[in-house]
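S.K.: requesting a structural model of the entry that follows:
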Amino acid sequence: MRTSHMATAAVAIVTLITAACGGCSSSTKTTTGASTPPPSASASASASPSASASASASAPGTGSASPSPGATAGATVVAGATVGKFTDILVDSQGKTLYLFEKDTSTTSNCYDACATAWPPVLTTGAPTAAHGADQAKLSTTTRTDGKTQVVYNGHPLYYFEGDKAQGDTNGQESSAFGAQWYVVNVDGNKVEGS
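M.R.: Purely as a prediction, here's the structure:
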């Protein structure tokens, strides 16, 4: 009889331990799921550049701004997108509009100091990559006087405009500042006139 009670007690203990371990296992799964990192920058970059842009911007077709296979970490993505009335202009992976400066007559930038504050250069730490209609063959880089690497497209150093507050803004289009005009750039690498 005593053996029967001990066996019953042992079964009860084993049941409790199993239930406790099952709870630990469930807890471990929850912790693992909670520690899963948020989507990486590359996952963000795989979205269409205009998917994260303002409602006034929409990318043509179903292409994505994901970098080419083998893209270098830290590389800037330059993509084509439709932004407002502008079709197939250059944006970055976040849908921010890119500009050229007419004072730049070569791949060397003429925008420094106050100019570079108002018109920040598009910088990269790896080889820039083209997506969604942009041409990889037109992408290159130039070294700025501070040693940083600026993205160049079809011979034009590229810039952002500090007046573009939301993704998809084109507030810098046809601005005249720092000695020349500023234009959005199409995927062919040419300035786009008309505001």
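S.K.: which ones are touching Pro128?
M.R.: Taking C-beta atoms under 8 Å, 6 or more residues apart in numbering, we find Pro128 in contact with 75-78, 139-141, 151. The way it works is simple: take the backbone N, C-alpha and C, and place the C-beta from them, glycine included.
S.K.: mean pLDDT per helix and strand in this protein: which one sits at the bottom?
M.R.: Across the helices and strands of the chain, mean confidence by mean pLDDT, DSSP states H and E is lowest for helix 41-45: a mean of 35.
S.K.: determine the three-state secondary structure at Cys111.
M.R.: Following DSSP: H, G, I helix; E, B strand; the rest coil, Cys111 is assigned to coil.
S.K.: quick check on it: phi, psi?
M.R.: When read as degrees, to the nearest 10, the backbone of Cys111 gives phi -120, psi 110.
S.K.: repeat for Thr117
M.R.: Dihedral pair for Thr117: phi -80, psi -40, per degrees, to the nearest 10.
S.K.: what's the closest non-adjacent residue to it?
M.R.: In space, and not counting its chain neighbours, Thr117 is closest to Glu162: 6.9 Å by C-beta to C-beta, 6 or more residues apart in numbering.
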